[in-house]
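Engineer: Predicted model and sequence below, questions to follow.
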Amino acid sequence: MSGEGGGRGGRPAGGGGAPRRDGGGPRRPSGSGPRRDGGSTGGPRREGVSGPRRDGDDPAGQHRDPAGQHRDAAGRQRPASRQAPRERTAAAPSARRRSSDPARTAAFDVLRTVADSDAYANLVLPPLLRERGIRGRDAGFATELAYGTLRLQGRYDAVLAQCTGRSLDQVDPPVLDALRLGAHQLLGMRVPPHAAVSETVGLVREQVGAGPAQFVNAVLRAVSREPLDVWLERIGDAADPGGTDAVARLSAVDSHPAWVTRALREALVGHGRDAAEIGDLLAADNEAPRVSLVARPGLADRDDLLAAAGPDATPGRWSPTAVTLAGGGDPAGLSAVRAGTAGVQDEGSQLVALALADAPLDGADARWLDLCAGPGGKAALLAALAGERGARLVANEVQPHRARLVRQAVAAAPDGAVEDVRVGDGREVGDAEPGGYDRVLLDAPCTGLGALRRRPESRWRRTPSDLAQLTALQRDLLGSALRAVRVGGVVAYVTCSPVLAETRLAVLDATRAARRAGLEVEVLDAPAVLHGIAPGLDLPAREDAQLWPHAHGTDAMHLTLLRRTA
Ligand SMILES: C[S@@+](CC[C@H](N)C(=O)[O-])C[C@H]1O[C@@H](n2cnc3c(N)ncnc32)[C@H](O)[C@@H]1O
């Protein structure tokens, strides 16, 4: 393990993540994150954000890593011979000799790559940490810093806009990214202010230059003068000066684009929940999800996986195949994951695949299709279930590199359970193989607005025009799925978005079009099927099912089960 980090100076004292909004902020505290006052909300530690804990500190605030280096009070690495940390203040950062902290530099590089190359943070960060040998709590710190900053970028931009004295458009992008990192350390992690400021200033001096470093020093010192609650009131008031635009206020405070907030609020209502839940939903999007594992039936035993995952792992909340890792758990360290008999899979994603397999069906149950299978999480679960039941799975995916990932994902499936993994346009399968399948999963390409906590930058990338393109594709794919299933067979229409245009309206449009083409379709009771798998699942009484991060702790997966009747 590299530097123990440990709650002094440069590193937060608790489990990372969003801070509490003590003292009458606009809403309830956002999740289980640490408090600025050093206390803890007592909530569960969050996977991937396991910043160093105060209880791991040594009295001098120093920590030895395997190379004999120590971390000083500002989280900087220092030679073992310099035992006593010399106190440095943020007041005179230019006086310091410094080299940026590797974890902060890694987070900065991730933000720059995400901005410049349109990259996905969760694909950029892990290899970067490996290449640089950043491990353990340092890796946890870098992860929380990068992902938390990206999730809360809208909030921090609103704060920074009040401190820079200029429009953020006029701030150089690398400097703005550094300011956002500094703001997250100050307002979203329990990094002591002097360390948050001085480390960020040092980073900017090294990466950008001395002039911008002075600017960053001034701005972050202004940010540090008020606690988060005060900033949330201020940015809420700036976004909604008349007190009449709740969406604008929530969007600024809870860091979502306004069109996304609006679409999610409509989705809550359209799926039978209360619009007032929107604040909790947005707050849940700002939390790092815990890692869920799936024990693939017939290949891995859930209790064995639970035991292997360590004493802090727990059985999944809903899915009988799920194990939830404690914060800091490393799935790649588990032999079942390496062997492909288990995998990393959100519980909601497990539930919808299990529901397709359990949906009532008359007659043959031999041939299953996953129409849009890449990268293969659900295909691997379906292949395992098919193997247990003597059925076989065809997995189709339009992108060759994603089809390769599907092949890897199903590699551990029992012999004969996977008939084929194909590259092809799912819109053509219904005409190429009409009535060829007993069960069809359409896990449709979608905006992913139900998995925002998992994809830190995606909320800022998505646009309403993506929605328009995707909804046309979703309707065509569902039409194809309904043609590909035999009469009496079942289609599961799934999205990791709750947005109405991608869920209820897509199903309505596609089933109407199918009827016009002479197909008859009935909607099955998806909540009843899910209750057979997860009896305690709280779902409104309606035909389709919508899961939510704030209510169920899963991604916001949508499930409609459809039976072809003619
Ligand atoms: C939501 S993802 C599926 C996730 C997958 N079921 C899993 O659990 O790993 C949607 C997939 O559909 C694929 N896709 C997009 N358009 C498609 C098309 N016309 N035909 C088939 N697959 C398509 C995308 O490349 C993407 O891999």
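Structural biologist: Sure, I can see it.
Engineer: Which residues of the chain lie near the ligand?
Structural biologist: Within the chain, the residues that sit near the ligand (C-beta under 6 Å from any ligand atom) are 349, 372-378, 396-399, 402, 425-427, 443, 445. For glycine as for every other residue, the C-beta is placed from the backbone atoms N, C-alpha and C.
Engineer: Name all residues that make contact with the nearest residue to residue 267 once chain neighbours are set aside.
Structural biologist: Spatial nearest neighbour of residue 267, excluding adjacent residues (C-beta to C-beta, 6 or more residues apart in numbering): residue 498 at 4.0 Å. Going by C-beta atoms under 8 Å, 6 or more residues apart in numbering, residue 498 touches 264, 267-268, 271, 449-450, 546, 548, 556, 558.
Engineer: Centre-most residue in this protein?
Structural biologist: In the chain, the C-alpha nearest the mean C-alpha coordinate belongs to residue 454, at 0.8 Å (C-alpha atoms, centre = their mean).
Engineer: Test my guess that it contacts residue 291.
Structural biologist: No: between residue 454 and residue 291 there is no contact under C-beta atoms under 8 Å: 10.3 Å.
Engineer: On the C-terminal side of the helix or strand harbouring residue 126, identify the next helix or strand.
Structural biologist: If you go by DSSP states H and E, residue 126 is part of helix 121-132. For helix 121-132, the following helix or strand on the C-terminal side (DSSP H and E) is helix 136-151.
Engineer: That following helix packs against which elements?
Structural biologist: helix 102-117, helix 121-132, helix 173-187 (3 or more C-beta pairs under 8 Å, 6 or more residues apart in numbering; DSSP states H and E).
Engineer: which one of these has the most crowded surroundings?
Structural biologist: Greatest average neighbour count among the helices and strands packed on helix 136-151 goes to helix 173-187 (a mean of 25), per mean count of other C-beta atoms under 10 Å.
Engineer: Report the closest residue of the stretch 1-150 of the chain relative to the ligand.
Structural biologist: Residue nearest to the ligand within the stretch 1-150 of the chain: residue 120 (13.6 Å; C-beta to the nearest ligand atom).
Engineer: wait, isn't that residue in contact with residue 457?
Structural biologist: Yes: contact criterion C-beta under 8 Å: residue 120 and residue 457 qualify, at 7.1 Å.
Engineer: what sits in contact with each of the two?
Structural biologist: Taking C-beta under 8 Å, 6+ apart as the contact rule, residue 120 and residue 457 both touch residue 114.
Engineer: returning to that earlier point: I'd like to know how many residues surround the residue of the stretch 1-150 of the chain closest to the ligand.
Structural biologist: 15 (other C-beta atoms under 10 Å).
Engineer: returning to what we had before: need the per-residue pLDDT for the residue nearest to residue 267.
Structural biologist: At residue 498, the model reports a pLDDT of 98.
Engineer: quick one: it is in a helix?
Structural biologist: No: counting by DSSP: H, G, I helix; E, B strand; the rest coil, residue 498 falls outside a helix, being coil.
Engineer: Check the gap between it and residue 355 for me.
Structural biologist: Distance, residue 498 to residue 355, using C-beta to C-beta, to the nearest Å: 16 Å.
Engineer: Would you mind splitting the chain into its domains for me?
Structural biologist: As assigned by automatic domain parsing, the chain contains the domains 1-71+88-255, 346-564.
Engineer: What distance separates the opening and closing residues of the shortest one?
Structural biologist: Read that as domain 346-564. Domain 346-564 has an end-to-end distance of 29 Å (criterion: C-alpha to C-alpha, to the nearest Å).
Engineer: So what does the residue nearest to residue 267 have for phi and psi?
Structural biologist: phi -90, psi 0 (degrees, to the nearest 10).
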